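Engineer: quick check, what structure comes out for this input:
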Amino acid sequence: MWQTGLLTIVMLVISNIFMTFAWYGHLKLQTAGISSNWPLYVVILFSWVIALAEYAFQVPANRMGFVGNGGPFTLMQLKVMQEAITLVVFTVFTIVFFKGEQLHWNHFVAFALLIASVYFVFLDTSLK
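Structural biologist: Okay, the predicted model is just below:
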């Protein structure tokens with residue numbers, strides 16, 4: 001069971017890498033002068049192609065990780081975990097590709113609260 005959970009998490013990370021590039025990569029291409037003359041529909045199609053790779057990892061990760069399919073995670077756990085992964089991937093992406101962006105104290109507080117949300121969503125709330 002732990003192998004399924006680990007594979008689910010790895011696939012969610014890969015999915016979020018593709019998602020971040022699909023959603024924000026075009027901004028880096030624009031600032032680099034690569035896509036600054038592309039019409040908006042070309043930027044959208046470019047992002048959709050990248051998003052297809054995102055879905056190729058996201059959908060199977062959710063299917064195999066979901067407790068209803070024999071996986072270890074509830075739907076709520078999958079979603080909150082995915083959001084935490086998204087924030088980590090996005091932060092790394094921003095630091096690496098957008099040098100002008102800076103992290104401030106409020107970002108770290110937000111990160112801590114998101115990590116706390118992962119903790120709370122995994123708490124066993126059943127009465128014993």
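
Engineer: can you tell me the closest non-neighbouring residue to residue 28?
Structural biologist: Closest residue to residue 28 apart from its sequence neighbours, by C-beta to C-beta, 6 or more residues apart in numbering: residue 97 at 4.9 Å. Glycine gets a C-beta too; all of them are placed from N, C-alpha and C.

Engineer: with residue 25 instead?
Structural biologist: That would be residue 50: by C-beta to C-beta, 6+ apart, it lies 6.9 Å from residue 25.

Engineer: please give the element, helix or strand, for the residue most central in space within the chain.
Structural biologist: Central residue check for the chain by C-alpha atoms, centre = their mean: the C-alpha nearest the mean position is that of residue 86, 2.8 Å away. Element membership of residue 86 [criterion: DSSP states H and E] is helix 75-97.

Engineer: show residues contacting that helix.
Structural biologist: Outside of helix 75-97, the residues within contact range by C-beta atoms under 8 Å, 6 or more residues apart in numbering are 8-9, 12-13, 16-17, 19-21, 24-25, 28, 58, 62, 65-68, 73, 101, 103, 107, 111, 114-115, 117-118, 121-122.

Engineer: helices along this protein, start to end?
Structural biologist: For the chain, the helices defined by DSSP state H occupy 2-31, 40-65, 75-97, 105-121.

Engineer: possible to save those helices as TSV with mean pLDDT?
Structural biologist: Output for the helices of the chain, formatted as TSV (pLDDT from 0 to 100):
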stretch	mean pLDDT
helix 2-31	92
helix 40-65	94
helix 75-97	90
helix 105-121	88
